[in-house]
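>>> Provide a 3D model corresponding to the input given below.
(one chain, ligands or ions: 1)
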Amino acid sequence: MTTKNPDNLREQLIAAVLKKRKALARAQEIVVRLIEPNIQQDEFLSLLSEIDPHNYADIVEERSINKLCGYPLCSTALENVLSQKYKICGRQNKVYDITERKKFCSGHCFQASEYIKSQVPVSPLWLRDKEMKTKFQLLA
Ligand SMILES: [Zn+2]
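Below you'll find the model as predicted:
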């Protein structure tokens with residue numbers, strides 16, 4: 001392979017840019033898809049390898065804004081969302097930031113979502129095709 005040829009190099013650069021754009025557009029498509037209710041487990045797990053943790057956080061955020069539990073496999077509506085940002089635990093005399101927890105219908109959904117988020121790859125989306133596919137696990 002010759003990389004000294006300017007035309008060839010230019011072609012390679014264009015191909016790289018197009019590939020990157022395509023991967024980013026695909027991730028956005030997945031975000032839009034996973035904002036919907038009634039997402040099936042198989043579909044959910046198959047889409048995770050094409051998003052990054054930032055996309056995942058967007059999904060949780062958008063769902064909660066739409067008053068839907070932030071965990072994509074749960075279709076429970078969020079009701080009576082607490083308006084406060086902190087919760088004080090009297091027994092342990094500690095203050096907790098509940099900003100994230102408020103986006104979920106239950107502690108279980110919060111944990112299940114955090115568990116999935118921790119497995120979403122951090123590598124650039126457009127380089128994923130060269131990686132081993134992650135085998136995502138749901139919280140039991
Ligand atoms: Zn839930």
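>>> identify the bridge partners of residue 89.
Taking DSSP bridges as the rule, residue 89 bridges to residue 94.
>>> what strand or helix carries the spatially most central residue of the chain?
Nearest residue to the geometric centre of the chain (Cα atoms, centre = their mean): residue 56, 1.3 Å. Assessed by DSSP states H and E, residue 56 sits inside helix 53-65.
>>> figure out how far the helix ranked longest in the chain is from the centre of its chain.
Ordering each helix of the chain by length in residues (DSSP state H) puts helix 6-34 first. Counting by Cα atoms, centre = their mean, to the nearest Å, helix 6-34 is centred 19 Å from the centre of its parent chain.
>>> output the contacting helices and strands for the next helix-or-strand element following that helix.
Downstream of helix 6-34, the first helix or strand assigned by DSSP H and E is helix 41-47. When contacts are defined as 3 or more Cβ pairs under 8 Å, 6 or more residues apart in numbering; DSSP states H and E, helix 41-47 packs onto helix 6-34. From N, CA and C alone the C-beta is placed, and that goes for glycine too.
>>> show me which positions of the helix it packs on end up buried.
Of the residues in helix 6-34, 23, 26, 27, 30, 31, 34 count as buried by neighbour count, 16 or more other Cβ atoms under 10 Å.
>>> next, the angle from it to helix 53-65.
For helix 6-34 against helix 53-65, the angle by axes from the mean of the first three to the mean of the last three Cα atoms, to 10 degrees is 30 degrees.
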